[in-house]
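**Student:** Provided below are the primary sequence and the corresponding predicted coordinates.
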Amino acid sequence: MGREHWKKIWVGSAGNMVEWFDWFVYASFATYFAGAFFPEGNDTAKLMNTAGIFAVGFFMRPVGGWLLGRVGDRKGRKAALTLTVTLMSASALLIAVAPTYSVAGYGGAAVLLIARLLQGLSVGGEYAASATYLTEASAPQHRGFASSFQYVSMTAGQILGLGLQIILQRTMSDDTLHSWGWRIPFIIGALGAAVVFYLRRNMLETEVYEESADDTPAHEKGTMKALWSHRREAFLVMALTMGGTVAYYTYTTYLTKYLSNSAGLPKETATLVSFCALIVFACLQPLAGRLSDRVGRRPLLITFAIGSTFLTVPIMTLLQHAGSFWPAFGLSLLALVVITGYTSINACVKAELFPTGVRALGVALPYAIANALFGGTAEYVALWFKDSGIESGFYWYVAGCAAVSLIVYLAMRETRDIDLNRVGRREPAPGRPERETTPLS
């Protein structure tokens, strides 16, 4: 790959890193700032309101997927990518300067709510915008490799957020973090988003978008009507996302809490396990993406689904009895190796299903819905099973979601060799014109 391709990968994925840094630090630093926005002496209200504001972000992701997917298909990938990072920068800045309850009463909570709405919109659109851009901007023989950097950047955002949390916890007192230290990551996030905004303002539009020759009329690009004509592909995106997103959130976002609360590891050890495992996980993505360019997407997806279906229960059971860093790290890494078959290539697989005129929306909305229903709820489902005294039920739930996706992977056609300029085009065929089929059975 030439220098120009590497530049496109960097610009296309850098914003994703900042987006997920901001998304992650909200969740990880919530325990420090929750008390700042609600009255003293009402711990239940604090927890309920904080959880409600957190949930709003997931609710807004499908809205962001629809809105920014529409922008990406009608105005271009560059426009969508620039808008997503603008929204995230604004949300991080709002949280950083939000007044506390003692200063503005519930006004601070209102600012926090608005910021979370903007975060949800931004993250909901960023996935599809970056997935579409990375897939379209790369050479056909490198699409898997290039799009794998989406999860490299997503994971890098979590690693940076986790690393910053470790640094602040070790350099600041608990009182200082609760008082004003929690604002630091949001200031950093806002500054990072501003830098990415500058980079994206100078990025080039993809040639695939500029030379779009599919049959989607100009006035229907990025519309629900156009997406409905590709509803089978949209449902396919939801189904193939289901198992992957549940597994991803289980072994990334929920893992630290699980190791601490269920496995009994000290919080510092649990955090270190996640930190180290995520670093290796990020390094694996380009390797798996390049492999998919050689052997195809389906073999990796099927490998993930089989591994997640049959290994989730034993891995989670053994993790509960890990007892120390190395066993926990080894098992966590094994789980992350398994889901690499999904994370490394899911972006390009989804983008390869749709014609150019509806590609951004086709990836964004179905993915955001599936992510909100399954990925965003994974931690809550896990805690529900735990509170019900049947924690192992969650292991079977994750395995079951993977099994559903396995059926989809086995039924779908290979997408590696799809020509992005020809998906959805009508070509002359013997007897009558016929729309070129997309990669479905």
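**Tutor:** Structure's in. What do you need? Residues are numbered from 1 along each chain as shown.
**Student:** Tell me where the model's unsure across the stretch 1-150 of the chain.
**Tutor:** Regions of the stretch 1-150 of the chain meeting the criterion pLDDT under 70 cover residues 1-2, 40-52, 54-55.
**Student:** where along it do the helices fall?
**Tutor:** For the stretch 1-150 of the chain, the helices defined by DSSP state H, counting those that start in this stretch occupy 3-33, 43-74, 77-97, 101-104, 107-137, 143-147, 149-171.
**Student:** Show the backbone phi and psi for residue 418.
**Tutor:** Backbone dihedrals for residue 418, given as degrees, to the nearest 10, come out at phi -70, psi 140.
**Student:** Which residues lie in contact with the closest residue to it other than its chain neighbours in this structure?
**Tutor:** In space, not counting the residues next to it along the chain, residue 418 is nearest to residue 352; the distance is 4.7 Å by Cβ to Cβ, 6 or more residues apart in numbering. Heads up, the C-betas are built off the backbone N, CA and C, glycines and all. Neighbour list for residue 352: 135, 143, 297, 415-416, 418, 420, 423, 439 [criterion: Cβ atoms under 8 Å, 6 or more residues apart in numbering].
**Student:** And the buried ones among those residues, selectable in ChimeraX?
**Tutor:** Here is the ChimeraX command that selects the buried residues among these (16 or more other Cβ atoms under 10 Å):
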select :135,143,297,415,416,418,420,423,439
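**Student:** Turn the contacts of residue 352 into JSON lines, columns for distance to residue 348.
**Tutor:** Putting the contacts of residue 352 into JSON lines (distance: Cβ to Cβ, whole Å) gives the following:
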{"residue": "135", "distance to residue 348": "5"}
{"residue": "143", "distance to residue 348": "5"}
{"residue": "297", "distance to residue 348": "7"}
{"residue": "415", "distance to residue 348": "8"}
{"residue": "416", "distance to residue 348": "9"}
{"residue": "418", "distance to residue 348": "10"}
{"residue": "420", "distance to residue 348": "10"}
{"residue": "423", "distance to residue 348": "13"}
{"residue": "439", "distance to residue 348": "12"}
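**Student:** Now flag whichever of the contacts of residue 352 is closest to residue 32.
**Tutor:** Nearest to residue 32 out of the contacts of residue 352 is residue 135 (Cβ to Cβ; 38.1 Å).
**Student:** so that closest one touches residue 345, yeah?
**Tutor:** No - taking contact to mean Cβ atoms under 8 Å, the distance of 10.2 Å between residue 135 and residue 345 leaves them out of contact.
**Student:** what is in contact with these two at once?
**Tutor:** By the contact definition Cβ under 8 Å, 6+ apart, residue 135 and residue 345 are jointly contacted by residue 147.
**Student:** check contacts around residue 291.
**Tutor:** If you count contacts by Cβ under 8 Å, 6+ apart, residue 291 has them with 144, 300.
**Student:** Helix, strand, or coil at it?
**Tutor:** Following DSSP: H, G, I helix; E, B strand; the rest coil, the label given to residue 291 is helix.
**Student:** What of the one 10 residues further on?
**Tutor:** Under three-state DSSP, residue 301 falls in the helix class.
**Student:** Compute the number of surrounding residues for it.
**Tutor:** For residue 301, the neighbour count with other Cβ atoms under 10 Å is 27.
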